[in-house]
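*Asks:* predicted model follows, preceded by the sequence.
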Amino acid sequence: MNDSIIILMLGVSVFLGALALFGIMWAIKTGQFDDKDKFLNQVQYDGEEELNSAAEQERKKSALKKNKEGYRPE
């Protein structure tokens, strides 16, 4: 390959990478990836069984944590 072609390809790839980085930074700055209603929408479409299962898991987790606090190895 000719040296000028390699330099041209390198320049174009650096330019496209910088353009992509600029686009991602702009999207983060303007809040394009924020989903403020995500958790509210998930609860809205959950059934009673899923909610009961989540509550049971939370109870088990707190019971294990309470048991772990009382455990003292000798």
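*Replies:* Cool, got the structure. As the structure is a computational prediction, the values presented were derived from the model and not from experiment.
*Asks:* in this structure, where is pLDDT below threshold?
*Replies:* 1, 39, 42-44, 68-74 (pLDDT under 70).
*Asks:* can you pull the domain assignment for it?
*Replies:* Residue ranges for the domains of the chain, per automatic domain parsing: 1-33, 35-74.
*Asks:* chain center to the shortest one: distance?
*Replies:* In this case it means domain 1-33. On the basis of Cα atoms, centre = their mean, to the nearest Å, domain 1-33 is displaced by 24 Å from the centre of the chain it belongs to.
*Asks:* also the longest one?
*Replies:* For domain 35-74, the separation from the chain centroid amounts to 20 Å (computed by Cα atoms, centre = their mean).
*Asks:* may I see the buried residues of it?
*Replies:* Counting neighbours by 16 or more other Cβ atoms under 10 Å, one finds that domain 35-74 has no buried residues. Placement of C-beta: from N, CA and C, glycine included.
*Asks:* which SS class is the residue most central in space within the chain?
*Replies:* Taking Cα atoms, centre = their mean, the centroid of the chain lies closest to Phe33, which sits 9.8 Å from it. Under DSSP: H, G, I helix; E, B strand; the rest coil, the three-state class of Phe33 is coil.
*Asks:* repeat for Ser13
*Replies:* Secondary structure for Ser13, judged by three-state DSSP, is helix.
*Asks:* separation between it and Ser4?
*Replies:* Using Cβ to Cβ, to the nearest Å, we find Ser13 at a distance of 15 Å from Ser4.
*Asks:* and what of Leu51?
*Replies:* 65 Å.
*Asks:* what segments of the chain are helices?
*Replies:* Assigned by DSSP state H, the helices in the chain fall at 3-29, 38-45, 48-70.
*Asks:* one step back: now the residue nearest to the centre of the chain. Nearest residue, chain neighbours left out?
*Replies:* In space, and not counting its chain neighbours, Phe33 is closest to Ala27: 6.4 Å by Cβ to Cβ, 6 or more residues apart in numbering.
*Asks:* for that neighbour, the count of nearby residues, please.
*Replies:* When neighbours are counted by other Cβ atoms under 10 Å, Ala27 registers 11.
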